[in-house]
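Trainee: Show me how the following folds:
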Amino acid sequence: MTNKGRRAGDEVVQLYVHQRTSRDKQPLRQLRAYARVSLKPGETKTVRLRLATSDLAHWDVTRSK
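Mentor: This next block holds a predicted model:
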């Protein structure tokens, strides 16, 4: 991410996931990771968000698994 402005700034980078197919109703988006980043004018930073396998898991109530 790059701050192209003339002032320092903060941004919250967010990672959302969703289930493409599911028998039971699911939210359209689920926040799974985020990071607050402070950038000086013209500064560039690479943001890495950790996503565990368990963050993608879902209990299907229609099949109990």
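
Trainee: For A33, which residues are in contact?
Mentor: Neighbour list for A33: Q14, L15, L49, R50, L51, D55 [criterion: C-beta atoms under 8 Å, 6 or more residues apart in numbering]. All C-beta spots, glycine's among them, are computed from the backbone N, C-alpha and C.

Trainee: Confirm that it lies within a strand, as I assumed.
Mentor: Yes - assessed by DSSP: H, G, I helix; E, B strand; the rest coil, A33 belongs to a strand.

Trainee: Quickly note the distance from the most centrally placed residue in the chain to K45.
Mentor: Nearest to the geometric centre of the chain sits L15, at 0.9 Å (C-alpha atoms, centre = their mean). L15 sits 16 Å away from K45, going by C-beta to C-beta, to the nearest Å.

Trainee: and P27, what pLDDT?
Mentor: Per-residue confidence (pLDDT) for P27: 83.

Trainee: How about it, nearest residue that isn't a chain neighbour?
Mentor: Using C-beta to C-beta, 6 or more residues apart in numbering and skipping residues adjacent in sequence, the residue nearest P27 is H18, 7.3 Å away.

Trainee: shouldn't that neighbour be in contact with L31?
Mentor: No - between H18 and L31 there is no contact under C-beta atoms under 8 Å: 10.8 Å.
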